[in-house]
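Undergrad: 3D, please:
(one chain, ligands or ions: 2)
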Amino acid sequence: MTKEKIGLRSTDALLIVDLQLDFFAGGKLAVPRAEEVIPVVNDLVDEARKSGTQIIVSRDWHPPDHMSFTAQGGDWPQHCVRGTKGAEFHPALRLPPGALFVSKAKRAEREQYSDFDGTSLAEELRRRAIDRVFIVGLAEDFCVKSSAIDAARLGFETHVLRAATRPVTPEGGEKARTEMCAAGVTVIEPSCFPYDVDHISRT
Ligand code: VGL
Ligand code: ZN
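TA: Ligands and ions are numbered 1, 2, ... in the order given. Here you go, the predicted model:
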């Protein structure tokens, strides 16, 4: 019996979430061990380019008075303010030509953790006949989680690659994986394609 393998194809999208300087060491909202995802994501970008997979790159793009900042009564230090150094993509991330960019949480009065919330991403994917989404980036327990749950809810077959994401807290990561699995998202361990379906973790 041959084992089913999952490999990237041209009707897939690789969604790279918020690899911006503020989420790395020295940034305003540093996610522990965030730097470890960069080489993994770069390899996935190479693989996606070979397979004709659409690459989507999102960024948190806040106004200086965003409601999520402590000065406005929110939970977070000021981070990813549009046009600032901290909002720039990590310089080691290989941004491919042909990538589609998504900016989110741009309005002061609204939080938008999901790349699908208030953006045209779902339409862009449908227009390209994309039916599977592979999600990587930061942070696993916030924007990755929300984007993955929305993608699944919108009808995309959705996979999150654990090797290419990191949570703000370990407990948050664990809870996020439980919530994602409950929403029908597949959380996978391997960091490269193709992989056997039995590598899928059922946390
Ligand atoms: C994020 C916290 C605040 C994220 C964005 O990209 O996961 N987390 N804003
Ligand atoms: Zn934010």
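Undergrad: which stretches in the protein count as helices?
TA: Secondary structure of the chain by DSSP state H: the helices cover 37-51, 121-127, 145-153, 170-182.
Undergrad: deepest in the core, which of those is it.
TA: Compared across the helices of the chain, helix 145-153 shows the largest average neighbour count, a mean of 24 (mean count of other C-beta atoms under 10 Å). Backbone N, C-alpha and C define where each C-beta goes, glycine included.
Undergrad: quick one: residues in contact with that one.
TA: Under the criterion C-beta atoms under 8 Å, 6 or more residues apart in numbering, residues 15, 17, 58, 113-117, 133, 135, 158, 160, 176, 179-180, 183-185 lie in contact with helix 145-153.
Undergrad: of those residues, select the buried ones using a PyMOL command.
TA: Selecting in PyMOL just the buried members of the contacts of helix 145-153, where the criterion is 16 or more other C-beta atoms under 10 Å, is done with this command:
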select buried, resi 15+17+58+113+114+115+116+117+133+135+158+160+176+180+185
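Undergrad: filter the contacts of helix 145-153 down to just the ones in strands.
TA: Judged by DSSP state E, the subset of those located in strands is 15, 17, 58, 133, 135, 158, 160.
Undergrad: with pLDDT and distance to ligand 1 added, can I get these in a markdown table?
TA: Supplementary listing: the ones in strands among the contacts of helix 145-153 in a markdown table, determined by pLDDT from 0 to 100; distance: C-beta to the nearest ligand atom, whole Å:
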| residue | pLDDT | distance to ligand 1 |
| --- | --- | --- |
| L15 | 98 | 12 |
| V17 | 98 | 6 |
| S58 | 98 | 8 |
| V133 | 98 | 17 |
| I135 | 98 | 12 |
| T158 | 97 | 17 |
| V160 | 96 | 13 |
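Undergrad: nearest to E4, of these?
TA: T158 (17.4 Å; C-beta to C-beta).
Undergrad: who does the closest one bridge with?
TA: For T158, the beta-bridge partners are V133 (DSSP bridges).
Undergrad: check contacts around it.
TA: Contact analysis of T158 by C-beta under 8 Å, 6+ apart lists 132-133, 135, 148, 151-152, 184-186.
Undergrad: wait, what's in contact with E157?
TA: For E157, the contacting residues are 131-133, 186, by C-beta under 8 Å, 6+ apart.
Undergrad: low-confidence stretches in the protein?
TA: Scanning the chain with the threshold set as pLDDT under 70 gives 1-3, 190-191, 197-203.
Undergrad: repeat that for 50
TA: In the predicted model, the chain carries pLDDT under 50 at residues 202-203.
Undergrad: enumerate the residues of it near ligand 1.
TA: Within the chain, the residues that sit near ligand 1 (C-beta under 6 Å from any ligand atom) are 18, 60, 68, 76, 138-139, 142-143.
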